[in-house]
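> below are the sequence and a predicted model; questions follow.
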Amino acid sequence: MRRAVVLLLAALLVVSAPAPAPALERVRGVVHIHSDLTTGDFTLEGLVALAERQNIGALLLAENYRLRVDYGLPPFRALTRVSRRARSIGGDPAGFLARVAEAQARMPHVVLVPGVEVMPHYHWTGSPLALDLTVHNLQKNLLVFGITDPDRLTMLPAPGNPATGVYAAQSALDALPVLLVIPGVWLLRRRRVVRQRLGRGAVMVVRRRSWGQGAFLCLIGVAALVRAWPFTVERHPWWREAGMAPYQELIDRAEALGGVTMWSFPEARDIGEEYVGPVRVGWRTEPYADDLLRTFRYTGFGAVYEDTSTFERAGAGWDRALAEYARGERTRAPWALAESGFHGVTANKQVGPLQTVFLVEQKSAAGILDAFRRGRMYAVQRTKELGFDLADFTVRGGGAAAGAGETLRVPAGTSIELSVAIEASDGRAHDVRMAIVANGRVLALERGGAPLRATYRTITDGTPLVLRVEARGSQQRVLSNPVFIRP
(Lines give C-alpha, C1' and ligand atoms only; values in the text may rest on other atoms or scores of the structure.)
Protein backbone atom coordinates (compact mmCIF):
# COMPACT_ATOMS: atom_id res chain seq x y z
CA MET A 1 0.00 0.00 0.00
CA ARG A 2 2.77 2.41 0.99
CA ARG A 3 4.65 1.62 -2.24
CA ALA A 4 1.53 2.38 -4.31
CA VAL A 5 1.06 5.73 -2.58
CA VAL A 6 4.70 6.66 -3.22
CA LEU A 7 4.41 5.73 -6.89
CA LEU A 8 1.18 7.74 -7.22
CA LEU A 9 2.76 10.84 -5.65
CA ALA A 10 5.78 10.50 -7.91
CA ALA A 11 3.53 10.29 -10.95
CA LEU A 12 1.59 13.39 -9.86
CA LEU A 13 4.83 15.32 -9.39
CA VAL A 14 5.97 14.41 -12.88
CA VAL A 15 2.63 15.41 -14.41
CA SER A 16 2.38 18.70 -12.50
CA ALA A 17 6.01 19.74 -12.98
CA PRO A 18 6.30 22.70 -15.34
CA ALA A 19 7.48 21.87 -18.81
CA PRO A 20 10.95 23.13 -19.64
CA ALA A 21 10.81 26.54 -21.25
CA PRO A 22 11.55 26.47 -24.97
CA ALA A 23 14.76 28.08 -26.17
CA LEU A 24 13.98 31.69 -27.06
CA GLU A 25 15.51 33.52 -30.02
CA ARG A 26 16.41 37.19 -29.73
CA VAL A 27 14.88 39.24 -32.53
CA ARG A 28 15.76 42.92 -32.73
CA GLY A 29 12.68 44.88 -33.68
CA VAL A 30 11.90 48.50 -34.43
CA VAL A 31 8.44 49.54 -33.25
CA HIS A 32 6.41 52.33 -34.92
CA ILE A 33 7.57 52.65 -38.52
CA HIS A 34 5.78 54.58 -41.30
CA SER A 35 6.26 53.68 -44.97
CA ASP A 36 5.22 55.58 -48.09
CA LEU A 37 1.86 53.85 -47.79
CA THR A 38 1.03 56.77 -45.48
CA THR A 39 3.36 59.52 -44.26
CA GLY A 40 6.75 57.80 -44.54
CA ASP A 41 9.48 58.46 -47.09
CA PHE A 42 10.55 54.86 -47.79
CA THR A 43 8.83 51.98 -49.49
CA LEU A 44 8.50 48.71 -47.60
CA GLU A 45 11.40 47.39 -49.67
CA GLY A 46 13.50 50.40 -48.71
CA LEU A 47 12.72 49.94 -45.03
CA VAL A 48 13.69 46.27 -45.18
CA ALA A 49 16.99 47.21 -46.80
CA LEU A 50 17.70 49.71 -44.01
CA ALA A 51 16.82 47.09 -41.39
CA GLU A 52 19.06 44.41 -42.90
CA ARG A 53 22.07 46.75 -42.88
CA GLN A 54 21.63 47.22 -39.12
CA ASN A 55 20.92 43.58 -38.22
CA ILE A 56 17.29 44.33 -37.37
CA GLY A 57 15.03 41.29 -37.66
CA ALA A 58 11.53 42.81 -37.38
CA LEU A 59 9.73 46.01 -38.30
CA LEU A 60 6.44 46.78 -36.56
CA LEU A 61 4.62 49.09 -38.96
CA ALA A 62 2.25 51.71 -37.56
CA GLU A 63 0.63 53.35 -40.59
CA ASN A 64 -1.85 56.16 -40.05
CA TYR A 65 -5.33 54.69 -39.65
CA ARG A 66 -7.56 57.70 -40.35
CA LEU A 67 -5.65 60.96 -40.32
CA ARG A 68 -8.50 63.43 -40.73
CA VAL A 69 -9.53 66.53 -38.76
CA ASP A 70 -12.91 68.27 -39.19
CA TYR A 71 -14.40 71.55 -38.04
CA GLY A 72 -17.91 72.85 -38.63
CA LEU A 73 -20.13 75.62 -37.35
CA PRO A 74 -23.16 74.77 -35.24
CA PRO A 75 -25.94 73.89 -35.69
CA PHE A 76 -25.33 72.43 -39.17
CA ARG A 77 -21.85 71.07 -38.60
CA ALA A 78 -21.77 68.66 -41.55
CA LEU A 79 -22.94 71.26 -44.08
CA THR A 80 -20.34 73.81 -42.92
CA ARG A 81 -17.59 71.25 -42.33
CA VAL A 82 -13.99 71.96 -43.32
CA SER A 83 -11.66 68.97 -43.38
CA ARG A 84 -7.95 68.41 -43.55
CA ARG A 85 -6.64 64.93 -44.33
CA ALA A 86 -3.31 63.18 -44.72
CA ARG A 87 -2.64 59.88 -46.37
CA SER A 88 -3.90 56.92 -44.35
CA ILE A 89 -4.98 53.31 -44.82
CA GLY A 90 -8.43 53.50 -43.19
CA GLY A 91 -10.24 53.60 -46.53
CA ASP A 92 -8.44 50.54 -47.89
CA PRO A 93 -7.23 48.24 -45.10
CA ALA A 94 -7.38 45.24 -47.44
CA GLY A 95 -4.95 46.92 -49.82
CA PHE A 96 -2.60 47.76 -46.96
CA LEU A 97 -2.56 44.21 -45.58
CA ALA A 98 -2.13 42.73 -49.06
CA ARG A 99 0.80 45.04 -49.78
CA VAL A 100 2.54 44.03 -46.53
CA ALA A 101 1.92 40.33 -47.22
CA GLU A 102 3.34 40.69 -50.74
CA ALA A 103 6.46 42.44 -49.47
CA GLN A 104 6.91 39.85 -46.73
CA ALA A 105 6.70 36.99 -49.22
CA ARG A 106 9.47 38.52 -51.33
CA MET A 107 11.68 39.57 -48.37
CA PRO A 108 11.24 36.98 -45.60
CA HIS A 109 14.46 37.74 -43.71
CA VAL A 110 12.94 40.75 -41.93
CA VAL A 111 9.58 40.13 -40.26
CA LEU A 112 6.96 42.74 -41.16
CA VAL A 113 4.21 43.14 -38.56
CA PRO A 114 1.34 45.27 -39.92
CA GLY A 115 -0.12 47.78 -37.50
CA VAL A 116 -1.88 51.13 -37.41
CA GLU A 117 -1.56 54.37 -35.48
CA VAL A 118 -5.00 55.45 -34.30
CA MET A 119 -6.07 58.88 -33.10
CA PRO A 120 -9.10 57.99 -30.92
CA HIS A 121 -10.27 61.55 -30.30
CA TYR A 122 -9.55 65.24 -30.72
CA HIS A 123 -11.49 68.34 -29.73
CA TRP A 124 -11.57 72.04 -30.55
CA THR A 125 -11.52 75.13 -28.38
CA GLY A 126 -11.86 78.78 -29.43
CA SER A 127 -14.06 80.30 -32.11
CA PRO A 128 -13.63 81.44 -35.71
CA LEU A 129 -15.52 84.61 -34.71
CA ALA A 130 -12.64 85.40 -32.39
CA LEU A 131 -10.21 84.46 -35.19
CA ASP A 132 -8.63 81.86 -32.89
CA LEU A 133 -9.06 78.05 -32.89
CA THR A 134 -7.05 75.28 -31.25
CA VAL A 135 -7.36 71.54 -31.84
CA HIS A 136 -6.20 69.31 -28.99
CA ASN A 137 -4.72 65.80 -28.77
CA LEU A 138 -3.92 65.09 -32.41
CA GLN A 139 -0.84 63.19 -31.19
CA LYS A 140 -2.45 61.40 -28.25
CA ASN A 141 -2.48 58.10 -30.07
CA LEU A 142 -2.44 54.34 -29.65
CA LEU A 143 -0.73 51.79 -31.86
CA VAL A 144 -2.68 48.64 -32.72
CA PHE A 145 -1.00 45.44 -33.96
CA GLY A 146 -2.17 41.93 -34.67
CA ILE A 147 -5.43 42.57 -36.59
CA THR A 148 -4.89 40.97 -40.00
CA ASP A 149 -8.50 40.66 -41.14
CA PRO A 150 -9.42 43.76 -43.20
CA ASP A 151 -13.07 43.59 -42.16
CA ARG A 152 -12.05 43.66 -38.52
CA LEU A 153 -9.52 46.40 -39.13
CA THR A 154 -12.30 48.67 -40.40
CA MET A 155 -14.08 48.39 -37.02
CA LEU A 156 -11.63 50.40 -34.91
CA PRO A 157 -13.35 53.45 -33.38
CA ALA A 158 -11.73 56.60 -34.73
CA PRO A 159 -12.90 60.03 -35.92
CA GLY A 160 -14.13 59.92 -39.48
CA ASN A 161 -14.76 56.16 -39.50
CA PRO A 162 -18.34 55.68 -40.77
CA ALA A 163 -18.28 52.03 -39.69
CA THR A 164 -18.26 53.05 -36.01
CA GLY A 165 -20.53 56.12 -36.17
CA VAL A 166 -23.73 56.50 -34.15
CA TYR A 167 -27.01 58.37 -34.59
CA ALA A 168 -27.51 61.32 -32.26
CA ALA A 169 -29.28 64.68 -32.07
CA GLN A 170 -26.62 66.15 -34.31
CA SER A 171 -27.62 63.61 -36.97
CA ALA A 172 -31.09 65.20 -37.13
CA LEU A 173 -29.59 68.69 -37.35
CA ASP A 174 -27.28 67.59 -40.15
CA ALA A 175 -30.21 66.03 -42.01
CA LEU A 176 -32.48 69.06 -41.62
CA PRO A 177 -31.02 71.12 -44.51
CA VAL A 178 -31.74 68.21 -46.85
CA LEU A 179 -35.42 69.16 -46.56
CA LEU A 180 -34.66 72.36 -48.50
CA VAL A 181 -34.83 70.20 -51.62
CA ILE A 182 -38.64 70.10 -51.22
CA PRO A 183 -39.26 73.87 -51.48
CA GLY A 184 -36.48 74.05 -54.06
CA VAL A 185 -38.21 71.56 -56.36
CA TRP A 186 -41.54 73.29 -55.75
CA LEU A 187 -40.07 76.62 -56.83
CA LEU A 188 -38.56 75.03 -59.92
CA ARG A 189 -41.88 73.43 -60.92
CA ARG A 190 -44.15 76.34 -60.05
CA ARG A 191 -44.72 79.10 -62.59
CA ARG A 192 -45.46 82.42 -61.00
CA VAL A 193 -47.39 85.18 -62.77
CA VAL A 194 -45.38 88.29 -63.67
CA ARG A 195 -47.00 91.39 -65.21
CA GLN A 196 -44.83 93.52 -67.46
CA ARG A 197 -45.80 96.94 -68.81
CA LEU A 198 -45.33 97.28 -72.55
CA GLY A 199 -46.16 100.92 -72.75
CA ARG A 200 -48.94 103.32 -71.96
CA GLY A 201 -51.89 101.23 -70.75
CA ALA A 202 -50.51 97.93 -72.11
CA VAL A 203 -49.64 95.02 -69.74
CA MET A 204 -48.27 91.57 -70.66
CA VAL A 205 -48.81 88.63 -68.35
CA VAL A 206 -45.85 86.20 -68.22
CA ARG A 207 -45.47 82.93 -66.30
CA ARG A 208 -41.92 82.33 -65.03
CA ARG A 209 -40.18 79.70 -62.94
CA SER A 210 -38.04 80.72 -59.94
CA TRP A 211 -34.86 79.16 -61.36
CA GLY A 212 -32.41 80.99 -59.15
CA GLN A 213 -34.14 80.49 -55.81
CA GLY A 214 -35.14 76.92 -56.54
CA ALA A 215 -31.68 75.91 -57.75
CA PHE A 216 -30.08 77.52 -54.69
CA LEU A 217 -32.30 75.62 -52.24
CA CYS A 218 -31.80 72.34 -54.12
CA LEU A 219 -28.05 72.90 -54.15
CA ILE A 220 -27.96 73.39 -50.38
CA GLY A 221 -30.14 70.32 -49.81
CA VAL A 222 -28.05 68.08 -52.05
CA ALA A 223 -24.83 69.38 -50.52
CA ALA A 224 -26.19 68.61 -47.05
CA LEU A 225 -27.13 65.10 -48.19
CA VAL A 226 -23.70 64.39 -49.67
CA ARG A 227 -21.69 65.87 -46.80
CA ALA A 228 -23.74 64.36 -43.97
CA TRP A 229 -24.46 60.90 -45.38
CA PRO A 230 -25.01 58.45 -43.68
CA PHE A 231 -25.89 61.03 -40.99
CA THR A 232 -23.87 59.34 -38.27
CA VAL A 233 -21.54 61.16 -35.91
CA GLU A 234 -18.69 60.01 -33.71
CA ARG A 235 -19.69 58.60 -30.36
CA HIS A 236 -17.38 61.21 -28.88
CA PRO A 237 -17.70 64.21 -31.25
CA TRP A 238 -14.93 66.70 -31.78
CA TRP A 239 -16.78 69.73 -30.42
CA ARG A 240 -16.31 68.65 -26.80
CA GLU A 241 -13.65 67.02 -24.64
CA ALA A 242 -14.43 63.36 -23.84
CA GLY A 243 -11.96 62.30 -21.14
CA MET A 244 -10.59 58.77 -21.30
CA ALA A 245 -13.68 57.08 -22.78
CA PRO A 246 -12.56 57.12 -26.47
CA TYR A 247 -9.17 55.66 -25.58
CA GLN A 248 -10.54 52.90 -23.38
CA GLU A 249 -13.09 52.02 -26.05
CA LEU A 250 -10.33 51.65 -28.64
CA ILE A 251 -8.30 49.45 -26.28
CA ASP A 252 -11.29 47.23 -25.59
CA ARG A 253 -12.34 47.03 -29.25
CA ALA A 254 -8.83 46.14 -30.40
CA GLU A 255 -8.61 43.41 -27.78
CA ALA A 256 -12.00 42.00 -28.83
CA LEU A 257 -10.77 41.93 -32.45
CA GLY A 258 -7.64 39.99 -31.46
CA GLY A 259 -5.15 42.87 -31.44
CA VAL A 260 -2.69 44.37 -28.99
CA THR A 261 -2.50 48.07 -28.12
CA MET A 262 0.34 50.36 -27.16
CA TRP A 263 0.28 53.96 -25.94
CA SER A 264 2.49 56.05 -28.23
CA PHE A 265 4.99 58.65 -26.94
CA PRO A 266 3.10 59.37 -23.70
CA GLU A 267 5.39 62.22 -22.64
CA ALA A 268 6.01 63.90 -26.00
CA ARG A 269 4.69 67.41 -26.55
CA ASP A 270 3.36 68.69 -29.90
CA ILE A 271 2.55 72.40 -30.26
CA GLY A 272 2.23 74.54 -33.37
CA GLU A 273 0.06 76.98 -35.29
CA GLU A 274 -0.70 78.31 -38.74
CA TYR A 275 -3.02 80.91 -40.21
CA VAL A 276 -5.97 80.07 -42.42
CA GLY A 277 -6.80 83.49 -43.79
CA PRO A 278 -7.20 85.73 -40.74
CA VAL A 279 -7.92 82.80 -38.37
CA ARG A 280 -5.11 81.45 -36.20
CA VAL A 281 -5.40 77.65 -36.06
CA GLY A 282 -3.24 76.03 -33.41
CA TRP A 283 -2.66 72.43 -32.39
CA ARG A 284 -1.60 71.23 -28.97
CA THR A 285 -0.91 67.84 -27.43
CA GLU A 286 0.42 67.91 -23.88
CA PRO A 287 2.24 64.97 -22.22
CA TYR A 288 -0.32 62.51 -20.95
CA ALA A 289 1.60 59.85 -18.99
CA ASP A 290 -0.89 59.99 -16.12
CA ASP A 291 -3.58 58.75 -18.50
CA LEU A 292 -1.77 55.41 -18.62
CA LEU A 293 -2.89 54.97 -15.01
CA ARG A 294 -6.47 55.88 -15.95
CA THR A 295 -6.80 53.24 -18.67
CA PHE A 296 -6.63 49.46 -18.43
CA ARG A 297 -5.95 46.33 -20.48
CA TYR A 298 -3.61 47.96 -22.97
CA THR A 299 -0.58 45.83 -23.74
CA GLY A 300 2.33 48.26 -23.62
CA PHE A 301 3.61 51.81 -23.95
CA GLY A 302 6.53 53.67 -25.47
CA ALA A 303 8.98 53.85 -22.57
CA VAL A 304 12.27 54.58 -24.34
CA TYR A 305 12.34 57.10 -27.20
CA GLU A 306 14.10 60.23 -28.39
CA ASP A 307 12.63 62.53 -25.75
CA THR A 308 12.73 63.02 -22.01
CA SER A 309 10.55 60.52 -20.17
CA THR A 310 9.81 59.98 -16.49
CA PHE A 311 6.97 57.46 -16.38
CA GLU A 312 9.36 54.48 -16.37
CA ARG A 313 11.63 55.82 -13.61
CA ALA A 314 11.84 53.97 -10.31
CA GLY A 315 8.79 54.66 -8.16
CA ALA A 316 6.97 56.60 -10.88
CA GLY A 317 3.86 55.75 -12.91
CA TRP A 318 5.01 52.46 -14.44
CA ASP A 319 5.91 50.99 -11.06
CA ARG A 320 2.52 52.09 -9.73
CA ALA A 321 0.76 50.28 -12.58
CA LEU A 322 2.92 47.16 -12.09
CA ALA A 323 2.11 47.18 -8.37
CA GLU A 324 -1.61 47.38 -9.19
CA TYR A 325 -1.24 44.33 -11.43
CA ALA A 326 0.73 42.45 -8.77
CA ARG A 327 -2.05 43.14 -6.24
CA GLY A 328 -4.71 41.94 -8.68
CA GLU A 329 -6.15 45.42 -9.34
CA ARG A 330 -5.27 45.18 -13.06
CA THR A 331 -5.90 42.20 -15.28
CA ARG A 332 -2.92 42.99 -17.50
CA ALA A 333 0.53 44.36 -16.82
CA PRO A 334 1.67 47.22 -19.09
CA TRP A 335 4.91 46.29 -20.87
CA ALA A 336 7.68 48.73 -21.79
CA LEU A 337 8.95 49.06 -25.36
CA ALA A 338 11.38 51.26 -27.24
CA GLU A 339 9.50 53.39 -29.80
CA SER A 340 10.98 54.83 -32.96
CA GLY A 341 8.32 56.85 -34.83
CA PHE A 342 10.45 56.64 -37.98
CA HIS A 343 9.17 58.46 -41.09
CA GLY A 344 12.41 59.25 -42.88
CA VAL A 345 16.03 60.30 -42.46
CA THR A 346 15.29 64.00 -41.98
CA ALA A 347 17.07 65.61 -39.00
CA ASN A 348 19.52 62.67 -38.99
CA LYS A 349 16.83 60.28 -37.78
CA GLN A 350 17.72 56.61 -38.27
CA VAL A 351 15.91 53.28 -38.08
CA GLY A 352 18.23 51.54 -35.63
CA PRO A 353 18.91 53.58 -32.44
CA LEU A 354 15.68 52.53 -30.70
CA GLN A 355 15.09 48.79 -30.62
CA THR A 356 12.84 46.39 -28.80
CA VAL A 357 14.45 42.97 -28.49
CA PHE A 358 11.76 40.27 -28.59
CA LEU A 359 12.41 36.84 -27.06
CA VAL A 360 10.47 34.62 -29.42
CA GLU A 361 9.77 30.93 -29.82
CA GLN A 362 9.69 31.40 -33.60
CA LYS A 363 10.82 34.26 -35.79
CA SER A 364 7.52 35.27 -37.36
CA ALA A 365 4.83 37.89 -36.98
CA ALA A 366 2.89 35.48 -34.73
CA GLY A 367 6.00 34.88 -32.62
CA ILE A 368 6.67 38.61 -32.27
CA LEU A 369 3.08 39.30 -31.22
CA ASP A 370 3.15 36.43 -28.73
CA ALA A 371 6.27 37.87 -27.11
CA PHE A 372 4.62 41.32 -27.17
CA ARG A 373 1.59 40.00 -25.31
CA ARG A 374 3.70 38.11 -22.75
CA GLY A 375 6.20 40.90 -22.07
CA ARG A 376 9.08 38.77 -23.32
CA MET A 377 11.15 41.72 -24.52
CA TYR A 378 13.38 44.55 -23.42
CA ALA A 379 13.96 48.07 -24.70
CA VAL A 380 17.30 49.26 -26.06
CA GLN A 381 18.65 52.69 -26.93
CA ARG A 382 22.01 52.64 -28.70
CA THR A 383 24.29 54.37 -31.13
CA LYS A 384 25.21 53.07 -34.56
CA GLU A 385 28.53 51.86 -33.20
CA LEU A 386 27.59 50.49 -29.77
CA GLY A 387 24.67 49.02 -27.89
CA PHE A 388 24.12 47.04 -24.70
CA ASP A 389 22.21 43.79 -24.45
CA LEU A 390 20.41 42.09 -21.60
CA ALA A 391 22.23 38.76 -21.87
CA ASP A 392 20.58 37.37 -18.73
CA PHE A 393 17.62 38.35 -16.59
CA THR A 394 16.39 35.35 -14.63
CA VAL A 395 14.81 34.87 -11.21
CA ARG A 396 15.20 31.44 -9.60
CA GLY A 397 13.60 30.03 -6.49
CA GLY A 398 11.86 26.92 -5.24
CA GLY A 399 13.32 24.86 -8.07
CA ALA A 400 11.75 27.05 -10.78
CA ALA A 401 12.86 30.00 -12.89
CA ALA A 402 11.18 32.98 -14.59
CA GLY A 403 12.26 35.64 -17.07
CA ALA A 404 10.91 38.94 -18.37
CA GLY A 405 7.11 39.08 -18.36
CA GLU A 406 6.74 35.87 -16.36
CA THR A 407 5.53 35.10 -12.84
CA LEU A 408 7.38 32.93 -10.35
CA ARG A 409 5.09 31.42 -7.72
CA VAL A 410 6.84 30.32 -4.52
CA PRO A 411 5.76 29.92 -0.86
CA ALA A 412 6.55 32.61 1.67
CA GLY A 413 10.02 32.17 3.14
CA THR A 414 11.53 30.92 -0.12
CA SER A 415 14.99 32.15 -1.05
CA ILE A 416 15.08 33.67 -4.53
CA GLU A 417 17.98 34.81 -6.68
CA LEU A 418 18.02 37.34 -9.52
CA SER A 419 20.81 36.99 -12.08
CA VAL A 420 21.55 39.87 -14.47
CA ALA A 421 24.13 40.20 -17.21
CA ILE A 422 24.78 43.21 -19.46
CA GLU A 423 26.97 42.79 -22.53
CA ALA A 424 28.29 45.23 -25.13
CA SER A 425 27.65 44.65 -28.83
CA ASP A 426 31.32 44.98 -29.73
CA GLY A 427 32.52 42.61 -27.01
CA ARG A 428 34.73 45.23 -25.41
CA ALA A 429 34.71 46.73 -21.92
CA HIS A 430 32.49 49.80 -21.55
CA ASP A 431 31.32 51.63 -18.45
CA VAL A 432 27.88 50.42 -17.32
CA ARG A 433 25.63 51.67 -14.50
CA MET A 434 22.97 49.15 -13.56
CA ALA A 435 20.03 49.49 -11.15
CA ILE A 436 17.91 46.66 -9.78
CA VAL A 437 14.41 47.94 -8.99
CA ALA A 438 12.11 46.04 -6.63
CA ASN A 439 8.55 47.25 -6.06
CA GLY A 440 9.52 50.71 -7.29
CA ARG A 441 12.61 51.10 -5.12
CA VAL A 442 16.21 50.90 -6.27
CA LEU A 443 17.64 48.09 -4.14
CA ALA A 444 21.04 47.73 -5.72
CA LEU A 445 23.32 49.84 -7.87
CA GLU A 446 26.17 48.25 -9.77
CA ARG A 447 28.86 49.93 -11.80
CA GLY A 448 31.61 48.37 -13.82
CA GLY A 449 32.77 47.42 -17.27
CA ALA A 450 30.68 45.38 -19.67
CA PRO A 451 30.20 42.50 -19.55
CA LEU A 452 28.71 43.26 -16.15
CA ARG A 453 27.09 40.53 -14.08
CA ALA A 454 25.21 40.95 -10.82
CA THR A 455 23.21 38.79 -8.44
CA TYR A 456 20.52 39.88 -6.02
CA ARG A 457 19.20 37.55 -3.32
CA THR A 458 16.27 37.89 -0.94
CA ILE A 459 13.72 35.80 0.95
CA THR A 460 10.05 36.25 0.09
CA ASP A 461 7.69 37.28 2.86
CA GLY A 462 4.44 36.37 1.09
CA THR A 463 3.76 39.77 -0.48
CA PRO A 464 3.98 40.26 -4.26
CA LEU A 465 7.37 41.33 -5.54
CA VAL A 466 8.12 43.06 -8.86
CA LEU A 467 11.72 42.97 -10.07
CA ARG A 468 13.14 44.80 -13.08
CA VAL A 469 16.49 46.12 -14.27
CA GLU A 470 17.78 49.23 -16.02
CA ALA A 471 21.32 49.77 -17.33
CA ARG A 472 22.89 52.88 -18.85
CA GLY A 473 26.07 53.83 -20.63
CA SER A 474 27.20 57.14 -22.09
CA GLN A 475 24.57 56.98 -24.89
CA GLN A 476 23.24 53.47 -24.31
CA ARG A 477 20.31 52.21 -22.33
CA VAL A 478 18.61 48.89 -21.55
CA LEU A 479 15.23 48.66 -19.83
CA SER A 480 13.85 45.23 -18.91
CA ASN A 481 10.28 44.20 -18.44
CA PRO A 482 9.56 42.86 -14.96
CA VAL A 483 9.46 39.46 -13.33
CA PHE A 484 6.65 38.99 -10.78
CA ILE A 485 7.07 36.88 -7.65
CA ARG A 486 3.82 35.81 -6.05
CA PRO A 487 2.98 33.39 -3.24
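Nice, thanks for sending it over.
> just checking, what packs against the helix or strand containing Thr455?
Applying DSSP states H and E as the criterion places Thr455 in strand 452-459. Under the contact definition 3 or more CB pairs under 8 Å, 6 or more residues apart in numbering; DSSP states H and E, strand 452-459 sits against strand 415-424, strand 431-438, strand 441-449, strand 465-472. No exception for glycine: its C-beta is placed from N, CA and C like everyone else's.
> now that strand: buried residues?
Along strand 452-459, these residues count as buried under the neighbour rule (16 or more other CB atoms under 10 Å): 452, 454, 456, 458.
> before we move on, what about stretch 170-182?
In stretch 170-182, counting by 16+ other CB under 10 Å, buried: 170-171, 173-175, 177-178, 180-181.
> partner strands of the strand holding Thr455, parallel or antiparallel?
Note on strand 452-459: by DSSP bridges, its sheet partners are strand 415-424 (antiparallel).
> quick one: the partner strand to chain centroid distance?
Distance of strand 415-424 from the chain centroid (CA atoms, centre = their mean, to the nearest Å) equals 31 Å.
> now stretch 424-435
32 Å.
> can you check stretch 213-220 too?
With CA atoms, centre = their mean, you get 45 Å for stretch 213-220.
> list the contacts of that stretch.
79, 177, 180-181, 183-188 (CB atoms under 8 Å, 6 or more residues apart in numbering).
> least confident secondary structure element in this structure?
helix 2-16 (a mean of 37; mean pLDDT, DSSP states H and E).
> could you point out which element follows that one?
Following helix 2-16 toward the C-terminus (DSSP H and E): strand 25-33.
> now for that following strand, which elements pack on it?
Using 3+ CB pairs under 8 Å, 6+ apart, strand 25-33 sits against strand 58-61, strand 111-113, strand 354-360, helix 365-374.
> minimum distance to Val226: which of the ones you listed has it?
strand 58-61 (33.5 Å; CB to CB).
> return the mean pLDDT over the helix or strand following that closest one, rounded to an integer.
The helix or strand immediately downstream of strand 58-61 is strand 63-64, counting by DSSP H and E. The average pLDDT within strand 63-64 is 98.
> closest to Leu44 out of the buried residues of strand 452-459?
Within these, the smallest distance to Leu44 is 38.2 Å, found for Leu452 (CB to CB).
> quick one: the closest one from Arg477, how far?
14 Å (CB to CB, to the nearest Å).
> burial count for Arg81?
14 (other CB atoms under 10 Å).
> for Glu286, see how far away it is.
Arg81 is 26 Å from Glu286, by CB to CB.
> what does Asn141 give?
For Asn141 relative to Glu286 (CB to CB), the value is 14 Å.
> more neighbours: which of those two?
Taking neighbours as other CB under 10 Å, Asn141 and Glu286 compare with Asn141 leading, 26 against 13.
> tell me the pLDDT at the nearest residue to that one once chain neighbours are set aside?
The shortest distance from Asn141 to any non-neighbouring residue, by CB to CB, 6 or more residues apart in numbering, is to Ser264 (4.7 Å). pLDDT for Ser264: 98.
> next up, the contacts around Ser264.
32, 62, 117, 139, 141-143, 302, 339, 341.
> pick out whichever of these sits closest to Glu249.
Nearest member of the contacts of Ser264 to Glu249, counting by CB to CB, is Leu142, at 10.8 Å.
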